Structures are given as C-alpha cells and as structure tokens.
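Enquirer: pasted the sequence and its predicted model underneath.
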Amino acid sequence: MHDPFKRLRARSTRQIRRSTLSAITDVWGAMISPAKPARRKSVKAVKPVTKAPAKARKVTAKGTVRTAAKPRIPATSRAKSTIPRGALFANGSHASEFGTRSYKLYVPAVAKTATDPLPLIVMLHGCGQTPEDFAHGTGMNTLAEEFGFLVLYPAQARKVQLNRCWNWFKRADQVRGAGEPALIASLTRHVIAEQNIDPAKVYAAGLSAGGSAALILATGYPDIFAAVGVHSGLAVGSAHDAASAARAMQGGDPGQRHDARMPTIIFHGEADKVVNPRNGRFVAMRALEPFDSLEQTEKTGRTSDGRQFTRKIYRVGKGRSYAEHWVVHGLGHAWSGGNAAGSFTDANGPDASREMVRFLLRHRTTKKRRSEPMI
C-alpha cells in the first residue's frame, strides 16, 4: 500500500541525524576551543584607542571597539610552557595500516643521564585542542622533568574530524585491532622501540573525547598499558553513533563491561554541563567490575583556592589504589588544576595531572601480561 508520508519521514530522519551530529560537533568542539570574535570590516573606520596600555582592544559583535583587560597568565604557567635545557619536544609522524597521525613527543632532560628505562604516558587531547595546547594546559611536561618520564601526544587530524575530536563514539574506533585504538597502539609501540622506555610502565590519559578514547585504548590493549587516567570522559561502549553519543553526554550511560583489570583514576567536575558527571561514576563502576573485591574509603577536602572535592579510593588493605574517583565540586568541563597557558583548564581545582602521575606510576604490567596473545 502506498504510504504518502514515507518520503517526509525519511527526510525528517535525515535532518534529525544531521542536527544531532552538528550538536555533538558544537558541544565537543566549540565548548573546548575558545571562541574567536568575528571580524567586521567596519572596524577599520573606528578610531583606535591610544590610552590605557593595560587594556586590549576587542571587536564586539556590532563592529565597535571597546577596551578589555588583557588576560594575565601567571608566571608559573608561562614557565611551565618553556622547554628546559637538554629537553626535547619534537614533532613526528607515524604511518600504519590503520592510518597516519602526527604527534609531539616530550623527552625530559633527565633522559640523557638516566641509566634505567623511563615510563611513558600517552596523552590524548580534547576536541578543538592540539598537542601543544594540551601540554601547556596540563603541565605534564613539567611533571615529566620532576618524575622522569616521557610524554607522547598523538594529534587528531582535522581532515579526519573537523574539530580534532577522537572518534570514541564510533563502533569502528572502539575495539582492539581496528581504527584509532589500533593506530595509537601502533604509534605507542613505535615510540617504545625508538626510545629508552620501560615497557612495563606505559600509561594512557586524556580529557573529554580524549579521556573516552584513552579508556578504550587502555582496556583494549592491556598488554601495552598498565593504567589509565580519564578526565571528564565516558565509559567504553556508552555510544555507537552521533545520536547515542549526545544522549550519553547529556544523561550518562553505563557503557559495556570490559574484562581487563585496568587500574583507573577518574576526574570529573560536578558542574560539568557538557559531559554529565554520572559518566564518571559509570567509568568507576566498570573499572571495579573485573576485580574480585576492593575496599572503599572516601575522603573530602578543599584546595587552597577554594575548590571542594570528594575522593573515593578502592584498594586492598592499605596498599596502592586500583581505582580512584575524584569529583571536584564547582568544576565544569575543564582540566582540574590546569595552567592558564592552555585552553579549557580550571586552576582552582586539585591538580589532576600530579594526582594522575602519582597513581599511574604505581602500576606496571607483568612480562607475562605483555607476552600473552590477545584477540
């Protein structure tokens, strides 16, 4: 029987799918990448402001010029963005059967005199960010000098994803042996082979889309990664396309169980309007499932800058923790304790970078686990 509304329904479905994907791009991209003021030709006719040197000219939406205070970056933040003498922050590109991506690799100055192999942390940036921006915002390179480890920053290509988001919500990029997880795993193996790195101490961490991708990467390759840090991310399998990604981001989704015993540290802002804080609880829930039994303790505290936080610790007795879940009260969708030198950070929260490094470096893979054949 002829259905007169069939074509109309099909067109509406296509429009909904396009609008959903557009919403995800806007949320994950625009919310992380600072908006730039629009350029207007009429500005050229406006008389420039010559006074108030401490002020900066700013173009408004109406094409007029007004003065605005210049953002001040603390001296400590600027210092953290510099490269110490003897250190190296190099560009690279890696090609594999799964694709090609550029990257930045930070080799600390201490690597020149280190007699033992050093750990490696793979950092996956958020949407709209670059490796340089992410490095400055997290201050991870400074910690690399302090604790002695290398930092690998894979870069998502704009031609692959317009806003440089890692495709955590696509089925093809959620499994071992395919897509972006396989590409980043290949890059990680390449760096391990080229540098003086301890294969037992390799870790992954990321923010937002990068945090979700880091979790997929680590749980998919437990033979490479000893632990993972997830900041403002979602559980593995919480989405499989643009529409389900939007739902998971807005309301939370428990995702799917993973069998790998992967030590996990989670940071999430209680006031996150981009990725619902429930997702942090779901990540913690999935991280705990493969373990037989872990004891939970809960601590609360406040940073010197005023941010309150709740920290749940899961471990056996008084030993090292296998999972930690930090909820930072008043924190939005931003890297807790980050530097103003990078985008999308909140300096008032507890130092997520330092806490992640502390947690990650306490874990290592065994030789047996690294050599076990994986499906």
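Expert: Structure received.

Enquirer: only C-alpha atoms for contact and neighbour calcs from this point on.
Expert: Fine.

Enquirer: on the three-state scheme, the residue nearest to residue 192 when sequence neighbours are not counted is what?
Expert: Nearest residue to residue 192, sequence neighbours excluded (C-alpha to C-alpha, 6 or more residues apart in numbering): residue 199, at 6.9 Å. Put simply, residue 199 is strand when judged by DSSP: H, G, I helix; E, B strand; the rest coil.

Enquirer: start at 50, not 1
Expert: Yep, numbering from 50; the last one is residue 248 now.

Enquirer: could you report the pLDDT at residue 248?
Expert: Turning to residue 248, the model gives it a pLDDT of 97.

Enquirer: show me the contacts for it.
Expert: By C-alpha atoms under 8 Å, 6 or more residues apart in numbering, the contact set of residue 248 is 168, 241, 273, 414.

Enquirer: in helices, which of these appear?
Expert: Among the contacts of residue 248, the members found in helices (DSSP state H) are residue 241.

Enquirer: can I assume residue 265 sits in a helix?
Expert: Yes: per three-state DSSP, residue 265 lies within a helix segment.

Enquirer: just the pLDDT for it.
Expert: If you check residue 265, the pLDDT there is 98.

Enquirer: regarding residue 315, which helix or strand does it belong to?
Expert: For residue 315, the host element (DSSP states H and E) is strand 313-318.

Enquirer: after that strand comes which helix or strand?
Expert: Downstream of strand 313-318 (by DSSP H and E), the next one is helix 327-337.

Enquirer: hang on, the earlier thing: measure the residue nearest to residue 241 to residue 266 for me?
Expert: As judged by C-alpha to C-alpha, to the nearest Å, residue 248 and residue 266 stand 16 Å apart.

Enquirer: pLDDT score assigned to residue 422?
Expert: 70.

Enquirer: count the neighbours of it for me.
Expert: Neighbourhood size, residue 422 [other C-alpha atoms under 10 Å]: 8.

Enquirer: same thing with residue 147?
Expert: Each residue near residue 147 was counted by other C-alpha under 10 Å, and the total is 15.

Enquirer: got it, and the one 3 residues further on?
Expert: When neighbours are counted by other C-alpha under 10 Å, residue 150 registers 19.

Enquirer: same deal with residue 206?
Expert: Other residues near residue 206 come to 16 when the count uses other C-alpha under 10 Å.

Enquirer: which residue sits closest to it, ignoring its sequence neighbours?
Expert: Counting by C-alpha to C-alpha, 6+ apart, residue 213 is the residue found nearest to residue 206 once chain neighbours are left out, at 5.9 Å.

Enquirer: check contacts around that neighbour.
Expert: By C-alpha under 8 Å, 6+ apart, the residues touching residue 213 are 78, 175-179, 204-207.

Enquirer: whichever of those end up buried, select them in ChimeraX.
Expert: The ChimeraX selection below is limited to those of the contacts of residue 213 classed as buried (16 or more other C-alpha atoms under 10 Å):
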select :78,175,176,177,178,179,204,205,206
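
Enquirer: need the contacts of residue 213 in TSV with distance to residue 284, pLDDT and secondary structure, can you?
Expert: Below are those laid out as TSV (distance: C-alpha to C-alpha, whole Å; pLDDT from 0 to 100; DSSP: H, G, I helix; E, B strand; the rest coil):
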residue	distance to residue 284	pLDDT	secondary structure
78	20	46	helix
175	16	97	coil
176	17	96	coil
177	21	94	coil
178	21	96	coil
179	23	96	coil
204	22	97	coil
205	20	97	coil
206	23	93	coil
207	24	93	coil
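
Enquirer: still on that earlier bit, from the contacts of residue 248, which is closest to residue 293?
Expert: In terms of C-alpha to C-alpha, no member of the contacts of residue 248 lies closer to residue 293 than residue 273, at 29.3 Å.

Enquirer: residues touching residue 362, list them.
Expert: 344-347, 370-374.

Enquirer: looking at those, spot the one nearest residue 292.
Expert: residue 374 (27.4 Å).

Enquirer: coming back round to it: name every strand pairing with the strand holding residue 315 and say which way it goes.
Expert: Strand 313-318 sits in its sheet next to strand 276-280 (parallel), strand 370-377 (parallel), going by DSSP bridges.

Enquirer: single out the most deeply packed of the ones you listed.
Expert: Among those, strand 276-280 has the highest mean neighbour count (mean count of other C-alpha atoms under 10 Å), at a mean of 30.

Enquirer: if you compare the directions of that one and helix 327-337, what angle comes out?
Expert: Using axes from the mean of the first three to the mean of the last three C-alpha atoms, to 10 degrees, the direction of strand 276-280 lies 170 degrees away from that of helix 327-337.

Enquirer: let me see the mean pLDDT of strand 276-280.
Expert: Strand 276-280 carries an average pLDDT of 98.

Enquirer: what comes into contact with that strand?
Expert: Counting by C-alpha under 8 Å, 6+ apart, 251-257, 260-261, 263-264, 267, 311-317, 384, 405, 409, 412-413 sit against strand 276-280.

Enquirer: the same query, at a cut-off of 6 Å, please.
Expert: Applying C-alpha atoms under 6 Å, 6 or more residues apart in numbering, the contact partners of strand 276-280 are 252-256, 260, 311-317, 409.

Enquirer: same question, stretch 312-322
Expert: 276-281, 326, 371-382.

Enquirer: which one of the contacts of residue 213 is nearest residue 331?
Expert: For the contacts of residue 213, the nearest to residue 331 is residue 175 (19.7 Å; C-alpha to C-alpha).
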